[in-house]
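> quick one: sequence plus predicted model below, questions after.
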Amino acid sequence: MNNKNKTNLPTSKIKLFLVDDDALYLKLLEIELLQHADFEIETFPTGEECLKNITRSPDVIILDYHLNGVDKNAINGIETLDKIKTFNSDIPVIILSSQDKIEVAVDCMHHRAYDYVVKSETSFLRLQKIITSIFHYKKMEKELKWYMERM
């Protein structure tokens, strides 16, 4: 079987930024994602730290809705989301929250979140499926661009 990429496109790990003020949950999320896929992961306890590193070009950002556990004056997830989208509107941002309210989810979508996931025992699986779909979509987008440039 030939393992060579048909289109000769570069293959690389998907780079994730995980942003959550709950250090334990952040570590669990990182471990869980690394056990099930080959990601490059950077973690941040605040939106400010994420934004300081945004030039490192993450493919996907998983962002907690509330980010004031470490610093009560820290910007929240929605403010961080808005600043990410101002920097680069193409970065998919998945909002993660313990809030199980439709109003919160709708608000996140109005601020251009890619998706909204409620923290639960199944959120790891849901996040993995969402990230996989984003990765497949981006791969198809790159292949299409590659083909279009050769026409």
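Ah, there it is.

> tell me which element residue 33 falls in.
Using DSSP states H and E, residue 33 sits within helix 23-36.

> could you do residue 68 as well?
Residue-wise, residue 68 maps onto no helix or strand under DSSP H and E.

> still on that earlier bit, need the residues that contact the helix holding residue 33.
For helix 23-36, the external contacting residues (C-beta atoms under 8 Å, 6 or more residues apart in numbering) are 16, 18, 20, 39, 41, 43, 45, 62, 119, 124, 127-128, 131. Every residue, glycine included, has its C-beta placed from N, CA and C.

> again, only this time at 6 Å
18, 20, 39, 41, 43, 124, 128 (C-beta atoms under 6 Å, 6 or more residues apart in numbering).

> find the nearest non-adjacent residue to the third one, please.
It refers to residue 39. residue 16 (5.1 Å; C-beta to C-beta, 6 or more residues apart in numbering).

> would you map the strands across the chain?
Ranges of strands in the chain, per DSSP state E, are 15-19, 40-44, 60-64, 93-97, 115-118.

> for the chain, which spans come out with low pLDDT?
1-11, 69-70 (pLDDT under 70).

> which residue is nearest the middle of it?
residue 61 (2.4 Å; C-alpha atoms, centre = their mean).

> residues near residue 127, how many?
22 (other C-beta atoms under 10 Å).
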